[in-house]
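> Provided below are the primary sequence and the corresponding predicted coordinates.
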Amino acid sequence: DGGITQSPKYLFRKEGQNVTLSCEQNLNHDAMYWYRQDPGQGLRLIYYSQIVNDFQKGDIAEGYSVSREKKESFPLTVTSAQKNPTAFYLCASSISSETQYFGPGTRLLVL
Amino acid sequence: AQSVTQLGSHVSVSEGALVLLRCNYSSSVPPYLFWYVQYPNQGLQLLLKYTTGATLVKGINGFEAEFKKSETSFHLTKPSAHMSDAAEYFCAVGGFKAAGNKLTFGGGTRVLVKP
């Protein structure tokens, strides 16, 4: 059945390490988004992509990178430059300017 | 630029009582407005949305919201709270193609339901 999947559910990062979070959708949506959620805060936009091979920075892009080589995939890399990566990361997709549909999230923890 | 303010980071209601979550927005153009619910360690689920047309919008789980342009508000209500309504609720504004269809979220309101 259709939906958005994120993996892994939990991810541990060592200091100085780059890690990649997976986001896949089979909804045939053009646009995809990455958000970061910290306790007691709303969601903040990291990167978004409206079409394959194109993406734009969101409000907090520093220390993160993305790619959009396929319509259904939008992986997020948390680089060693991100000094405070511990958070809950949510991926979303949409077909138009209306509803964004969210995946189940990945919780990133630092060892 | 748009912004969203949710009044009250925590709300406590008794089971069977009215649930009222407040959301005010700022937007330079007619907005699309959304309410999402998040259960612990899960993603966000759409409760309801306003795009155009009728200003009273009904959503899932008995929730509804009313768009009031003059008050720049989109408050969420449910007549009778159920234990399963305990969750965090987010109001969001979006619908701007020129801005990449991004959503701007409020800080969230955590609802506690007392038996």
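Great, that's in hand. Residues are numbered from 1 along each chain as shown, chains lettered A, B, ... in the order given.
> Give me the below-cutoff pLDDT ranges for the chain.
This is for chain A. Applying pLDDT under 70 to chain A flags residues A:1-2, A:97.
> nope, chain B
For chain B (pLDDT under 70), the answer is B:97-100.
> Flag every residue of it that's near chain A.
B:4, B:9, B:32, B:34, B:36, B:41-46, B:49, B:51, B:90, B:94-97, B:100-103, B:105-108 (Cβ under 8 Å from any Cβ of the partner chain). Every C-beta, even on glycine, is put in place using the N, C-alpha and C of the backbone.
> hmm, 10 Å instead?
B:4, B:6, B:9-10, B:32, B:34, B:36, B:38, B:41-46, B:49, B:51, B:88, B:90-92, B:94-108, B:110 (Cβ under 10 Å from any Cβ of the partner chain).
> Can you tell me which of those end up in strands?
B:4, B:6, B:10, B:32, B:34, B:36, B:38, B:44-46, B:49, B:88, B:90-92, B:94, B:104-105, B:110 (DSSP state E).
> From those residues, list the buried ones, please.
B:4, B:6, B:32, B:34, B:36, B:38, B:44, B:46, B:49, B:88, B:90-92, B:94, B:104-105 (16 or more other Cβ atoms under 10 Å in any protein chain shown).
> Out of those, which is nearest to residue A:7?
residue B:44 (17.9 Å; Cβ to Cβ).
> who's the residue minimising distance to the centre of chain A bridged to?
Nearest to the mean C-alpha position of chain A, by Cα atoms, centre = their mean, lies residue A:34 at 3.3 Å. Beta bridges link residue A:34 to residue A:47, residue A:91 when assigned by DSSP bridges.
> That one is in contact with residue A:59, isn't it?
No: in this structure, residue A:34 is not within contact of residue A:59 by Cβ atoms under 10 Å, at 11.2 Å.
> which neighbours do those two share?
Common contact partners of residue A:34 and residue A:59 (Cβ atoms under 10 Å, 6 or more residues apart in numbering or on different chains): A:44, A:45, A:46, A:47.
> can you tell me which helix or strand the second one belongs to?
Taking DSSP states H and E as the definition, one finds residue A:45 inside strand A:43-51.
> after that strand comes which helix or strand?
Past strand A:43-51, the next helix or strand by DSSP H and E is strand A:54-57.
> Just the buried residues of that following strand, please?
For strand A:54-57, by 16+ other Cβ under 10 Å, it's residue A:55.
> Please see if that strand touches chain B.
Yes: Strand A:54-57 comes into contact with chain B (Cβ under 10 Å from any Cβ), by way of A:55, A:56.
> could you dump that strand to PDB, C-alpha only?
Provided in PDB are the C-alpha atoms of strand A:54-57 (Å, rounded to 0.1, in the frame of the first residue of the first chain):
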ATOM      1  CA  ASP A  54      16.500  20.100  -7.700                       C
ATOM      2  CA  PHE A  55      16.400  21.100  -4.100                       C
ATOM      3  CA  GLN A  56      16.500  24.200  -1.900                       C
ATOM      4  CA  LYS A  57      17.700  25.000   1.500                       C
END
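> Mind listing the strands the next helix or strand after it pairs with, and their directions?
Later in the chain than strand A:54-57, the nearest helix or strand by DSSP H and E is strand A:64-66. In the sheet, strand A:64-66 lines up against strand A:76-78 (antiparallel) (DSSP bridges).
> I'm done for today, thanks for sticking with me.
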